[in-house]
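S.K.: A predicted structure for the sequence below; I have some questions about it.
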Amino acid sequence: MPSSRLAGRRPVERQRARAARRARRVALLVLLAAVFLVALGLTAFSPRTERASVIIPRPSLATVAQTRPTPMIVALRGPVSLQLPVSQGRLTAIGYHSAHDGALSLKPIGHQANEGLVQRIVHGIFGGGGGAPRWYQLGGGGTSAIDVGAPVGSDAYSPVDGTVVAIRPFVVEGKTYGSEIDIQPQTAPSLVVAVTQLVADPALTVGTAVVSGATKLGRVADLAAIERQALARYTNDAGNHVTVEVRAAPVLAAG
């Protein structure tokens, strides 16, 4: 009889041991999941600090020699590729916002530096969202206008290959502040690339053929005295910049 009771007890003890091992594994998995969620939460909700070299121009920026920009595509609109219109050494920040003059939406190239919580979580889990250049979404949303920041007086170059089709005053509240230069891009004659908030180069005329990153359009104008520039939130200056938009070319009425 004692041996019979012992034999019956052994299967019960093995079952209890297996149950205990399963319980420990489940507890370990729950603990690991909790640690992962806490780490993800800390990453998602902790404030991001931008590297000073990204959003603050170097103290010597005002004395950097004027050079042409190294080729870098910053935005796309169909067959039109917009190149960086100022040299990398004078770039302060890049921002996108909505325009209200018929400008078409642009596809930003690079990484949004101030992306929202959901985007950060998605990119943190699945990757992506990186690359250069870094850009900022300015107030109001939208991507139909790109502001490329640079100190006042910085050389501004054509963002596309094409032909100058118009040079007109850039008017704010009835006063002229620099020029608007309209360029018909070689890759899309039905569109116009408009560059504003710069003082046009005197040598530039309607009909001039321009080359992206090589033909000087003018110099960055100073609009800080007349408007609060949104780009200033991400720079160490007043946020002066040139603005680039893409619009449908005007259709001439048949004679």
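M.R.: On my side now, so go ahead.

S.K.: for Ile73, name its beta-bridge partners.
M.R.: Gln83 (DSSP bridges).

S.K.: residues contacting it?
M.R.: 81-84, 109 (CB atoms under 8 Å, 6 or more residues apart in numbering). Where C-beta positions appear, they are placed from N, C-alpha and C, glycine not excepted.

S.K.: wait, is Leu231 part of a helix?
M.R.: Yes - assessed with DSSP: H, G, I helix; E, B strand; the rest coil, Leu231 lies in a helix.

S.K.: and whichever strand or helix holds Val164, what does it pack onto?
M.R.: For Val164, the host element (DSSP states H and E) is strand 162-172. Under the contact criterion of 3 or more CB pairs under 8 Å, 6 or more residues apart in numbering; DSSP states H and E, strand 162-172 touches strand 175-185, strand 191-200, strand 209-210.

S.K.: list the buried residues in stretch 237-252.
M.R.: Buried residues in stretch 237-252, counting neighbours by 16 or more other CB atoms under 10 Å, are found at 237-247.

S.K.: ranges for the strands of the stretch 51-200 of the chain?
M.R.: 73-77, 80-83, 94-97, 107-108, 111-112, 134-137, 145-149, 155-157, 162-172, 175-185, 191-200 (DSSP state E, counting those that start in this stretch).

S.K.: return the most buried member of those strands.
M.R.: Compared across the strands of the stretch 51-200 of the chain, strand 145-149 shows the largest average neighbour count, a mean of 26 (mean count of other CB atoms under 10 Å).

S.K.: outside of that strand, which residues touch it?
M.R.: 74-75, 82, 84-86, 91-99, 103, 106, 108, 135, 138, 229-231, 234-235, 237, 239-245.

S.K.: just send the helices and strands packed on strand 162-172 back as CSV, with mean pLDDT too.
M.R.: CSV is the format used below for the helices and strands packed on strand 162-172 (pLDDT from 0 to 100):
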stretch, mean pLDDT
strand 175-185, 94
strand 191-200, 97
strand 209-210, 98
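
S.K.: and the ones you listed: which comes nearest Asp222?
M.R.: Asp222 lies closest, by CB to CB, to one member of the helices and strands packed on strand 162-172: strand 175-185, at 8.2 Å.

S.K.: what stretches of the protein score poorly on pLDDT?
M.R.: Confidence mapping of the chain against pLDDT under 70 gives the ranges 1-14, 28, 30-65, 116-130, 252-255.

S.K.: okay, now the domains of it?
M.R.: Here the domain parsing of the chain from automatic domain parsing is 1-46, 72-248.

S.K.: kindly reformat those as JSON lines containing distance to Gln66.
M.R.: Below are the domains of the chain laid out as JSON lines (distance: least, CB to CB, whole Å):
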{"stretch": "domain 1-46", "distance to Gln66": "40"}
{"stretch": "domain 72-248", "distance to Gln66": "5"}
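
S.K.: what's the closest non-adjacent residue to His107?
M.R.: That one is not His; residue 107 is Lys. Counting by CB to CB, 6 or more residues apart in numbering, Leu76 is the residue found nearest to Lys107 once chain neighbours are left out, at 4.4 Å.

S.K.: need the contact list for that neighbour.
M.R.: Residues in contact with Leu76 (CB under 8 Å, 6+ apart) are 82, 106-107, 109.

S.K.: closest to Val193 among these?
M.R.: Leu82 (7.2 Å).

S.K.: that older thread, ok, the contacts of Leu76 vs Ala166, which is closest?
M.R.: Leu82 (18.1 Å).

S.K.: got the end-to-end distance for stretch 226-238?
M.R.: End-to-end distance for stretch 226-238, by CA to CA, to the nearest Å: 11 Å.

S.K.: check stretch 230-242 too.
M.R.: 13 Å.
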